[in-house]
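Novice: Dropping a prediction and its sequence here:
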Amino acid sequence: MGFDRPQGERITARRLPSNQRRTFLEVLDQVIGERHQGLRSGLVTRQGCPVLFVVNVGHVARRAEIGCDFDVTLGWSFTWAVEGKRIGPVHEVDGVAQTIARALRASAGPRT
């Protein structure tokens, strides 16, 4: 029994705390879902860290994992998770989504 929850409440009943990395990836996931009809995305965990898995629905071999890392000089940025290369800053989420769509050669346009 913990001191910070009512007696009898299960630990799994509480929502897990979010963090900035996950929040930024959730926003990118939403933008991709709304504006890029040729892509599907979803959050997954790799080695204990959240990453955004993105796939071209017309050609599933074209896929990527997108990370989000903090740099003291540059702040938060989206990255290609495998290589660690920077895609762009989190405040330019539309441009980052477009860069991902181009790299995965996805069809353009919002979902209808």
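Specialist: Looks like it came in fine. Numbering: from 1, shown residues only.
Novice: Counting residues, name the longest helix you see in this protein.
Specialist: helix 20-35 (DSSP state H).
Novice: tell me which strands and helices that helix is in contact with?
Specialist: With contacts defined as 3 or more Cβ pairs under 8 Å, 6 or more residues apart in numbering; DSSP states H and E, the packing partners of helix 20-35 are strand 39-46, strand 49-56, strand 63-71, strand 75-80, helix 93-103. Backbone N, C-alpha and C define where each C-beta goes, glycine included.
Novice: Just give me how far that helix sits from the chain centre.
Specialist: 5 Å (Cα atoms, centre = their mean, to the nearest Å).
Novice: One more: stretch 81-100?
Specialist: Here the centre of stretch 81-100 is set off from its chain's centre by 10 Å, with Cα atoms, centre = their mean.
Novice: what's the model's confidence in that stretch, averaged?
Specialist: Per-residue pLDDT over stretch 81-100 has a mean of 96.
Novice: Can you point out the buried residues in that stretch?
Specialist: 81, 87, 88, 89, 90, 93, 96, 97, 98, 100 (16 or more other Cβ atoms under 10 Å).
Novice: Closest to residue 45 out of the residues you listed?
Specialist: Nearest to residue 45, judged by Cβ to Cβ, of these is residue 81 at 11.4 Å.
Novice: I'd assumed residue 54 was in contact with the closest one.
Specialist: No: the criterion here is Cβ atoms under 8 Å, and residue 81 misses it with residue 54 at 10.3 Å.
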